[in-house]
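> What follows is a predicted protein model with its sequence.
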Amino acid sequence: MTVKIASAQYDISFLVSWQDYQDKIKRWVAEAAQQNAKILLFPEYASMELASLFGKEVYSSLDKQLAAMQSVHDYYLDLFKILAKQHQCIIQSGSFPVEIEPKVYRNRAYLFMPDGSFDYQDKLMMTRFENEQWFIKSGKDLKCFETEYGKIAINICYDSEFPLLARKQVEMGANLILVPSCTDTLAGFNRVKIGCQARALENQCYVVQSCLVGNAEWSEAVDINIGAAAIYTPVDRGFPDNGVLVAGKLNAVQWVMGEVSLSACAVVRDQGQVFNYRNWPLQKTLIVN
């Protein structure tokens, strides 16, 4: 079974009303659905454009914008639940900073299913900005999600640079890892890109990266955004020689789409030119203390 995946190079807007945001997300989802995409991926912190709804005093403050955004959190969930059900697709909506207890926030990536249900993965590895300036806390659990296309996992941006996280998820059955990302330098984008490609190579699985793009000078949190979405694959027979199924143009505002077959991962792990996935445990026997 093949499935078309759409990965967003999504731009931050300055919003006047909730209706502006709702209309924008509806347009993006409808565009992908009209092209038969069944798994949609938005970038990390794409939701931060919602901070513009609360005025300059709020969106200019790292602390105040997090508190203010909680008032639209339920509307955010309802919007994506409705759209996933309406278009009968799976939507990873990027990430939303969720207050889990007073003044304690986690960077949460929701996964919405066609039946209206949803789950989430919290970011586990926090960047210096999140730790030292924004004070967003690390999550605790690493998950793998059951879908009609096979098991899916989520690595949120910096998480993709740590191989043991993805390895645990593929051992749990994931053949597709979604990576919503937000980077403000070309070096940062390339770190996540290289991490995604490495995870696809060593686990012989698909990894899809989505990027926030463009500048939002009004935003204290996501003022500069650089990147290009892509779908990465194993580097072996039956897959692209460079491990890149499709990639977008740097910083363009667009969907990047491609068809994948998650069952192909099992084939390459069994019949490939190399056995990266199978040989992973051998590393432990070769390390001399």
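Cool, the structure landed.

> Quick one: the helices in this structure, in order.
Counting by DSSP state H, the chain has helices at residues 18-34, 56-59, 62-69, 73-87, 128, 163-171, 186-203, 264-271, 276-279, 282-286.

> Output these in TSV, with distance to residue 210 and mean pLDDT appended to each entry.
Backbone N, C-alpha and C define where each C-beta goes, glycine included. Output for the helices of the chain, formatted as TSV (distance: least, C-beta to C-beta, whole Å; pLDDT from 0 to 100):
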stretch	distance to residue 210	mean pLDDT
helix 18-34	11	98
helix 56-59	23	93
helix 62-69	20	94
helix 73-87	15	98
helix 128	22	94
helix 163-171	16	97
helix 186-203	10	98
helix 264-271	20	94
helix 276-279	24	95
helix 282-286	30	88
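
> As CSV, these with mean neighbour count would be great.
What follows is the helices of the chain, written out as CSV (neighbours: other C-beta atoms under 10 Å):
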stretch, mean neighbour count
helix 18-34, 16
helix 56-59, 15
helix 62-69, 18
helix 73-87, 17
helix 128, 9
helix 163-171, 17
helix 186-203, 19
helix 264-271, 17
helix 276-279, 15
helix 282-286, 7
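
> would you turn those helices into a markdown table with distance to residue 149?
Formatted as a markdown table, these follow (distance: least, C-beta to C-beta, whole Å):
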| stretch | distance to residue 149 |
| --- | --- |
| helix 18-34 | 15 |
| helix 56-59 | 38 |
| helix 62-69 | 31 |
| helix 73-87 | 14 |
| helix 128 | 36 |
| helix 163-171 | 15 |
| helix 186-203 | 17 |
| helix 264-271 | 12 |
| helix 276-279 | 19 |
| helix 282-286 | 30 |
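
> Any idea which of the ones you listed gets closest to residue 179?
Closest to residue 179 of the helices of the chain is helix 186-203 (C-beta to C-beta; 5.4 Å).

> quick check, distance from the closest one to the centre of its chain.
Computed by C-alpha atoms, centre = their mean, to the nearest Å, the chain-centroid distance of helix 186-203 equals 13 Å.

> Let the chain start at 2 from now.
Yep, numbering from 2; the last one is helix 187-204 now.

> by how many degrees do that helix and helix 164-172 diverge?
Angle, helix 187-204 to helix 164-172, by axes from the mean of the first three to the mean of the last three C-alpha atoms, to 10 degrees: 40 degrees.

> Remind me what helix 187-204 packs against, helices and strands.
In terms of contacts (3 or more C-beta pairs under 8 Å, 6 or more residues apart in numbering; DSSP states H and E), helix 187-204 is packed against helix 164-172, strand 175-182, strand 207-216, strand 231-233, helix 277-280.

> now it and strand 175-182, what's the angle there?
If you take the same axes, to 10 degrees, helix 187-204 sits at 180 degrees to strand 175-182.

> just to revisit the earlier point, will you turn the helices and strands packed on helix 187-204 into TSV that also has distance to residue 201?
Below are the helices and strands packed on helix 187-204 laid out as TSV (distance: least, C-beta to C-beta, whole Å):
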stretch	distance to residue 201
helix 164-172	9
strand 175-182	8
strand 207-216	4
strand 231-233	4
helix 277-280	10
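
> Which one, of those, ends up nearest to residue 96?
Among the helices and strands packed on helix 187-204, strand 175-182 comes nearest to residue 96, with 5.8 Å by C-beta to C-beta.

> strand partners of that closest one, parallel vs antiparallel please.
Looking at strand 175-182 with DSSP bridges, its partner strands are strand 151-155 (parallel), strand 207-216 (parallel).

> Reformat those strands as a markdown table; add distance to residue 277.
A markdown table is the format used below for the strands paired with strand 175-182 (distance: least, C-beta to C-beta, whole Å):
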| stretch | distance to residue 277 |
| --- | --- |
| strand 151-155 | 17 |
| strand 207-216 | 13 |
